[in-house]
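A.B. asks: My questions are about this predicted structure, shown below with the sequence.
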Amino acid sequence: MALLHQTFYNGVQRGCLHSLASQRAMLKLTHHSWRCLATTSKTNKNGYLKILPSVASALANNQPVVALESTIITHGMPYPHNLRTAQDVERIVQDNGVTPATVGLLNGSIHVGLSEEELVAMATAQNAVKSSRRDLSWVLSKRLTGGTTVSATMVAAHKADIPVFVTGGIGGVHRDGENSLDVSADLTELGRTPVAVVSAGVKSILDIPKTLEFLETQGVTVATFGPNKDFPAFFTPNSGVQSPINVTDVKEAAELIDCSLSLGLQSGILIAVPIPQSLAADGDLIEGAIQQALSEAKNQGITGKEVTPFILQRVNELTQGKSLEANEALIRNNALIGSQIAKELADLRRCKGQSSNQNNNCNNRTFPEVKGHEPGGRPVVIGASIVDLLASVNQDNIMHTGRTYQGSLQVAYGGVGRNIADCLSRLGSRPLFISAVGNDEHAQALLTYCKNMDQSAISTLSDYNTGTYCAVLDNQGELLFGIGDMDINDQITPQMVSSWESSIVQSPLVCMDGNIPTETIEYVCRICQENHVPVWYEPTCQMKAKKPFQSDAWKSLTYVSPNLNELRMMYGSLEGEETVNFDYETSFTDQLRECLQLSRILLQHIDCLVITLGENGALIVRNTEPEDKLICGKTNQEEEEFLGMTSAVHYPIGNVDPDRKITSVSGAGDCLSAGIIHSILQGYDSDICIKAGMMVAQMTLEDSQPVPACITASTITPETVQKWAPWQPSRMM
């Protein structure tokens, strides 16, 4: 039992311990060696795929996204019709609750999602390259501007994990294709890339029957959207050719796409949406213009990818703009239908993903009311997101000679701020989490794992790696060495955080970890003090514990959760480090006495200290009586100096099963803080708040991840907490 107690509170004492250490490693490694490693390199990652933050956030949160091509901007319409249409299409998508992601090639990167400035640049580009799959490498290597065709956009959408793509019409087999062998790369792309393409069918300048035959050979599912199978001919709703199947509404379309994706067929789907009859141009007029334009193209020797832009422009001239009007109308209609399909698909896949979790109900998902603060506000967490790697070597006598050793490698997702936000999310407190990740595979994996969290405030920084820590252990669990790449945390700057200032000043409580820069801590403390918002500071390690105490920022803190050494560092920052002994090992009684002594100066401004004491539990020291409610929401008190410590209550370890198997103690300290914060937000009594934190922390022991999925709102209630811990803590003063 004593060993179990030691194990549990070694984890709770410093929740910043990275999430992968085995039980043996956790007992032997110091918190300093895990969290405070200096990072020495900054890697510029100019990756070819750049995802707009709004798109990345939507994808990370499993929200619907629609990909849009850009050749319609660069080659399909003249300026300013092209820009106006692109903006209108994005607006239609957004109005339907979906995030638009226009794809374009700019400055050596594939941009998935374009800013307003980038849309204008594409629309006004004089020498943009019409870029199919074959052109991607050349256009990117030359850093040219490229409008992506259907095939290139499908490639980008698939790489970004966007399943639905809306366009005007796809390419196909050209007339006389049996002799010229002129077949669009759009068709072969549909045969090998699992993306659903919503279009007005095949451009009417092409051979539609041969195009459908080719798609059948490629194994592409073709479905007309509507009550019949009439395959549309771009400008007109009926080409005279039938699709193999039809889907009558967005629900059927989404189910078809979901089934195809689930089967892993690795081929695309073509959803052919007829232009509404009321918007269709005179089919005979356009068909006559097409025949004339085709003849002119042949006489002028125009071939290959230059044919389609020439035909479209010439047909527009011959029809006196009627074809352009129809073109704009069908694209808007496709955007409407495509965004509705994407939304239905996202809801369907989200429900399927949650069906195995008995605590989720996708048709009736509610969150508990957060009490004690102004309507609309919710907790804010600011801190690190880190991917943890643990390499364990199975052999003795490790030699640094470059040889390969047998062992094991584990991966988990941590970061103190991320852990706290994750736990709060599972408890139902819906925090806004402000953090930063790179544009890399680690970020994709981490964000996918964190799909239960609101990730709208997680910034993607392409020039930095996602925060990563790797520890290499010998077969006894001793740390051989560790490697940390955490430069990205320095980019959580006041400028980044200020984008969410309105959420911060309305929050009932803001929590920040010690991984963020000192100037950001000071900025958060200042705006929270000005707006009377309580602040919780999670030190993360001994060296970072002193960050708020290097200025008067600490006077704005409401809660701080240090272990004994971190408390010593805080005191030393104010009174001089020579006044404390960091290597001083004492009895439990002496530890309590030292905590009380060191806390007095801090409690002149800080409301509450949650001091973790290893196997001896936690000490709660406050400048109010222990039965007083813990502060939440807007506080009416102006900055003032309190008399100091009023109460100190010791909480021993809770109800621990001696036969319980411990998988990992990592994340326990972070969950301790999250459990307390959640309970404060719910307005629970202070005793229940502390016990709830200890109960949540103990739930982490049987899971390799720092925040297990078994943590839910229904498991932490005053009734369940009181049943788990019916005992009374000891008041020290």
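C.D. replies: Everything's here; your move. Residues are numbered from 1 along each chain as shown.

A.B. asks: where does the stretch 301-450 of the chain dip in pLDDT?
C.D. replies: 305, 352-376 (pLDDT under 70).

A.B. asks: could you pull out the helices for it?
C.D. replies: For the stretch 301-450 of the chain, the helices defined by DSSP state H, counting those that start in this stretch cover 307-318, 322-354, 416-427, 441-449.

A.B. asks: most packed of these?
C.D. replies: helix 416-427 (a mean of 30; mean count of other C-beta atoms under 10 Å). Where C-beta positions appear, they are placed from N, C-alpha and C, glycine not excepted.

A.B. asks: related to what we said a few turns ago, relative to residue 410, which of the helices of the stretch 301-450 of the chain is closest?
C.D. replies: Proximity to residue 410, assessed across the helices of the stretch 301-450 of the chain by C-beta to C-beta, is greatest for helix 441-449 (13.4 Å).

A.B. asks: Outside of the closest one itself, list whatever touches it.
C.D. replies: Around helix 441-449, the neighbours that count as contacts under C-beta atoms under 8 Å, 6 or more residues apart in numbering are 56, 59-60, 385, 387, 411, 413, 418, 437, 455, 458, 460, 465-466, 468.

A.B. asks: now that helix and helix 416-427, what's the angle there?
C.D. replies: 20 degrees (axes from the mean of the first three to the mean of the last three C-alpha atoms, to 10 degrees).

A.B. asks: For residue 230, find the nearest of the helices of the stretch 301-450 of the chain.
C.D. replies: helix 322-354 (14.9 Å).

A.B. asks: Show me what that closest one is packed against.
C.D. replies: The contact analysis (3 or more C-beta pairs under 8 Å, 6 or more residues apart in numbering; DSSP states H and E) places helix 322-354 against strand 65-68, helix 81-95, strand 164-166, strand 196-199, helix 250-263, strand 269-272, helix 283-299, helix 307-318.

A.B. asks: can you put those in CSV and add distance to residue 328?
C.D. replies: Putting the helices and strands packed on helix 322-354 into CSV (distance: least, C-beta to C-beta, whole Å) gives the following:
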stretch, distance to residue 328
strand 65-68, 14
helix 81-95, 5
strand 164-166, 14
strand 196-199, 15
helix 250-263, 22
strand 269-272, 19
helix 283-299, 14
helix 307-318, 11
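
A.B. asks: Please identify which helix or strand holds residue 482.
C.D. replies: Assigned by DSSP states H and E, residue 482 belongs to strand 479-485.

A.B. asks: what separates residue 53 from residue 418, distance-wise?
C.D. replies: 18 Å (C-beta to C-beta, to the nearest Å).

A.B. asks: oh, I was asking about residue 712
C.D. replies: Distance from residue 712 to residue 418, counting by C-beta to C-beta: 18 Å.

A.B. asks: now swap in residue 217 and tell me
C.D. replies: Using C-beta to C-beta, one gets 48 Å for the distance from residue 217 to residue 418.

A.B. asks: related to what we said a few turns ago, I'd like the helices of the stretch 301-450 of the chain as TSV, with distance to residue 89 appended.
C.D. replies: Output for the helices of the stretch 301-450 of the chain, formatted as TSV (distance: least, C-beta to C-beta, whole Å):
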stretch	distance to residue 89
helix 307-318	17
helix 322-354	5
helix 416-427	34
helix 441-449	27
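
A.B. asks: where are the low-confidence patches of this structure?
C.D. replies: If you take pLDDT under 70 as the line, the chain has these spans: 1-47, 279-284, 305, 352-376, 477-479, 582-584, 634-645, 654-666, 704.

A.B. asks: For it, list the residue farthest from the centre, please.
C.D. replies: Largest separation from the mean C-alpha position in the chain: residue 299, at 54.0 Å (C-alpha atoms, centre = their mean).

A.B. asks: Show me where the stretch 551-700 of the chain has its strands.
C.D. replies: With strands called from DSSP state E, counting those that start in this stretch, the stretch 551-700 of the chain shows them at 559-560, 608-612, 618-622, 647-651.

A.B. asks: Tabulate the ones you listed in TSV, adding columns for distance to residue 230 and mean neighbour count.
C.D. replies: As requested, the strands of the stretch 551-700 of the chain are arranged in TSV below (distance: least, C-beta to C-beta, whole Å; neighbours: other C-beta atoms under 10 Å):
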stretch	distance to residue 230	mean neighbour count
strand 559-560	66	24
strand 608-612	68	25
strand 618-622	71	25
strand 647-651	72	20
